[in-house]
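Asker: structure for this input, please:
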Amino acid sequence: MANGKPNYPSQGEISRLYNLCDSRDFIGAETFCRKLLANFPAAAEVSKILGVALGAQGKTQDALKVFSETIRTNPDYPDVYLDFGLLLHSLGRREEAIENFRKAVELDPEWGDAQNNLGVMLQNQNQHEQALPHLEKAITLNPNNPASYFNCANSLKALGKNQDALKNYNQAVNLHPSFPDAFNNRGNLLETMEKLEDAQRSFSRAIELDRNFARAYSNRGNVERKLGNHSNALRDFSKALELEPWQPDNPNQDRNFQFRMYINLGDIYLFFKKFDKALEAYDRAQEIEPDNQDVLGFKSNAVAGLGKLEESLQLRQQSYGMVSFNLTKGVSIVQR
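Answerer: You can find the predicted model right below:
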């Protein structure tokens, strides 16, 4: 940190750097960092901020070099490991990111952000047992940070510790009543616990806070269907797909999410005997996963509803391989 020594920038200059980053003026931050480093080349904090500013501008290779050099000359400076880890995480270099977060925690075990980030990285690797102690430590160090409770709850839920997870989700939303992700994940947990009406309310709160939260609509739709509110389920599944429609040329979309939504939508239309709309939804699902044989079975129900019994049986044959259909010999069950 700035220490007021002649060979180090003043506290005012350091504050100005952080203000530039906070206002997302990363070009300005880079320029001022380079000016300061010309006068104070050993200022590790300035060098670290330069790495952040370069990374934010997409100057990835330059940022990597700056962070590596800062670590080489200041190996006991925990802050640089944290920011370097964040950059590596953004690049998909997860193992290296974890190594840097571990080093930050090793150098400063009482740093809540470092504990939290290491825990989140481990839970993203499905290493929830290893993540939990770091996330719990982050709560101890930052007891008023709703994100720490949220992250801890996610690992507790994954480990089946539902009551403890619920306490943490509740604390997250108590501290931050406008936290849509926490309400959504809390809803998922309540659904798992068969508290469907509570789950419905939690999803509804997530939607109130974020009207474009497609996953919350999808999740609420599942609960509405379980509660027998099929009209509400249709509304929610339709809205989820309106917000995240299937786009064949978009490589960044969640294919599994859209596949499930079209299947859910088809099932609801089937319930209402709107067989043509059900078939249309199943067709979209098949576009997403053309090799999924189960879709043919779903389609067969809609086709049967449209009165096309022969086509329906043939689809079942393709899907399940358990029905032998022949116009002259009839229909036979085949054990597979």
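
Asker: pull the number of nearby residues for Asp249.
Answerer: 5 (other C-beta atoms under 10 Å). To be clear about C-beta, it is placed using only N, CA and C from the backbone, and glycine gets the same treatment.

Asker: what of Asn74?
Answerer: Asn74 - counted by other C-beta under 10 Å - has 17 other residues nearby.

Asker: got it, and Phe298?
Answerer: 23.

Asker: does it lie in a helix or a strand, and which?
Answerer: helix 294-305 (DSSP states H and E).

Asker: any idea how far Asn184 lies from Leu159?
Answerer: The gap separating Asn184 from Leu159 is 19 Å, by C-beta to C-beta, to the nearest Å.

Asker: ok so, going back, what are the buried residues along the helix holding Phe298?
Answerer: Applying a neighbour-count criterion of 16 or more other C-beta atoms under 10 Å, one finds Val295, Leu296, Gly297, Phe298, Lys299, Ser300, Asn301, Ala302, Val303, Ala304, Gly305 buried in helix 294-305.

Asker: who's in contact with it?
Answerer: With contacts defined as C-beta atoms under 8 Å, 6 or more residues apart in numbering, helix 294-305 is touched by 263, 266-267, 269-270, 273, 275-276, 278-279, 282-283, 285-286, 289, 311-313, 315-316, 318-320.

Asker: go on, stretch 15-30?
Answerer: Stretch 15-30 is contacted from outside by Phe32, Cys33, Leu36, Val46, Ile49, Leu50, Val52, Ala53, Leu54, Ala56, Gln57, using C-beta under 8 Å, 6+ apart.

Asker: filter these down to just the buried residues.
Answerer: Buried by 16+ other C-beta under 10 Å: Phe32, Cys33, Leu36, Val46, Ile49, Leu50, Val52, Ala53, Leu54, Ala56, out of the contacts of stretch 15-30.

Asker: any buried residues in stretch 170-188, and which?
Answerer: By 16+ other C-beta under 10 Å, the buried positions in stretch 170-188 come out as 171-173, 175-176, 179-188.

Asker: same deal with stretch 262-273?
Answerer: Tyr262, Ile263, Asn264, Leu265, Gly266, Asp267, Ile268, Tyr269, Leu270.

Asker: which stretches of the stretch 1-150 of the chain form helices?
Answerer: With DSSP state H, counting those that start in this stretch as the criterion, the stretch 1-150 of the chain has helices at 11-22, 26-39, 44-56, 60-73, 78-90, 94-107, 112-124, 128-141, 146-158.

Asker: got CSV for these, with distance to Glu242 and mean pLDDT too?
Answerer: Putting the helices of the stretch 1-150 of the chain into CSV (distance: least, C-beta to C-beta, whole Å; pLDDT from 0 to 100) gives the following:
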stretch, distance to Glu242, mean pLDDT
helix 11-22, 35, 94
helix 26-39, 35, 95
helix 44-56, 33, 95
helix 60-73, 35, 96
helix 78-90, 30, 94
helix 94-107, 33, 94
helix 112-124, 29, 93
helix 128-141, 34, 96
helix 146-158, 27, 97
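
Asker: closest to Glu197 out of these?
Answerer: Between Glu197 and these, the tightest spacing by C-beta to C-beta is seen for helix 146-158, at 19.3 Å.

Asker: so Lys239 sits against Tyr217, correct?
Answerer: Yes: using C-beta atoms under 8 Å, Lys239 is in contact with Tyr217, at 4.6 Å.

Asker: between these two, tell me which one has more neighbours.
Answerer: Higher neighbour count among Lys239 and Tyr217: Tyr217, with 24 against 21, using other C-beta under 10 Å.

Asker: identify the residue spatially nearest to Asp276, adjacent ones excluded.
Answerer: Leu306 (6.8 Å; C-beta to C-beta, 6 or more residues apart in numbering).

Asker: please tell me how far that neighbour sits from Ala42.
Answerer: Using C-beta to C-beta, we find Leu306 at a distance of 77 Å from Ala42.

Asker: and which of the buried residues of stretch 170-188 is nearest Glu69?
Answerer: Nearest to Glu69, judged by C-beta to C-beta, of the buried residues of stretch 170-188 is Asp181 at 36.4 Å.

Asker: and stretch 23-34, which residues are buried?
Answerer: Those would be Phe26, Gly28, Ala29, Glu30, Phe32, Cys33, for stretch 23-34 by 16+ other C-beta under 10 Å.

Asker: distance to Ser15 for those residues - can I get that in TSV?
Answerer: Listed next are those as TSV, based on distance: C-beta to C-beta, whole Å:
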residue	distance to Ser15
Phe26	17
Gly28	14
Ala29	12
Glu30	17
Phe32	11
Cys33	14
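
Asker: return the member of those residues nearest to Asp164.
Answerer: Lowest distance from Asp164 to the buried residues of stretch 23-34 (C-beta to C-beta) belongs to Phe26, with 40.2 Å.

Asker: what distance do you get for that closest one to Val52?
Answerer: Using C-beta to C-beta, Phe26 is found at 8 Å from Val52.

Asker: likewise Pro78?
Answerer: 15 Å.
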